[in-house]
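K.L.:
with the input below, show me the fold.
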Amino acid sequence: MKEKPKHIDAFQFWFGLTEKGYSTTDSVRTTAQHSGVLPRTIWKWYKEFGWEERADKKRLQILAEVEKQENRTLVENRLNYLKILHKILDQFIKDGFPVKIESMKDLDIIIKNCLVLQDAPSEVIKQDTVNLHIGADSLFDDELMKKIIEEEEEVQLKESNKNGSED
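P.N.:
Predicted structure coming up:
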């Protein structure tokens, strides 16, 4: 028998019921009522047109499409988070180290988050008593790193002087 539009419609209806959690038997019975045929006719179409195999294939296609959409969403989210972090870093550098980033620890957290979002290593790796910092060095040149360290030392010195004068 050649599959006709009424068979395809019946399959789509049956498939929808099975996706809602109906058993195959209940789906066949309800599809028969919907299509205006006897349940045994639906069972015949079910077997002849391989509905179970088609349903499995269709479910796999749906899962693949859902996975693609989830991946797109994850990528978009990751890019948005990365843009936010880069804006914070750009503002930090452009405005001469504003108060939003108050310590090297804050800066370290932002840089590590950027690296993680880019799938780059973000931790110190110990190898034969040598500590290697991987990834973060590429974000700043030596001059900028020196300036950051000097700024942090100045802040610490001011705090130490302030605390000393209060005593």
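K.L.:
which stretches of the chain form helices?
P.N.:
5-19, 24-35, 39-48, 51-94, 104-117, 142-166 (DSSP state H).
K.L.:
tell me which residue is most central in this structure.
P.N.:
residue 74 (2.5 Å; C-alpha atoms, centre = their mean).
K.L.:
residue contacts, that residue?
P.N.:
By C-beta atoms under 8 Å, 6 or more residues apart in numbering, the contact list for residue 74 is empty. For every residue, glycine as well, the C-beta is placed using N, CA and C.
K.L.:
and it, what's its pLDDT?
P.N.:
pLDDT recorded at residue 74 is 80.
K.L.:
what about this protein, any weak spots by pLDDT?
P.N.:
Low-confidence regions of the chain, defined by pLDDT under 70, span residues 92-93, 95-102, 107, 117-148, 164-167.
K.L.:
what about 50?
P.N.:
Residues of the chain that meet the criterion pLDDT under 50 lie in 99, 129-134, 136-137, 139-140.
K.L.:
residue 6 reaches residue 35, doesn't it?
P.N.:
Yes - contact between residue 6 and residue 35 holds when scored by C-beta atoms under 8 Å: they sit 6.9 Å apart.
K.L.:
comparing those two, which shows the higher neighbour count?
P.N.:
Remark: of residue 6 and residue 35, residue 35 carries more neighbours, 17 against 12, as counted by other C-beta atoms under 10 Å.
K.L.:
surely residue 41 meets residue 32?
P.N.:
Yes - Residue 41 is within contact range of residue 32, at 6.7 Å (criterion: C-beta under 8 Å).
K.L.:
who's more crowded, the two?
P.N.:
The neighbour comparison of residue 41 against residue 32 (other C-beta under 10 Å) goes to residue 32, with 19 against 15.
K.L.:
ok, now how distant is the more buried one from residue 13?
P.N.:
10 Å (C-beta to C-beta, to the nearest Å).
K.L.:
residues in contact with residue 51?
P.N.:
Here residue 51 is in contact with 11, 14, 15, 45 (C-beta under 8 Å, 6+ apart).
K.L.:
can you tell me which two in those are farthest apart?
P.N.:
With C-beta to C-beta as the measure, no two of the contacts of residue 51 lie farther apart than 15 and 45, at 12.3 Å.
K.L.:
against residue 51, how distant is residue 27?
P.N.:
Using C-beta to C-beta, residue 27 is found at 9 Å from residue 51.
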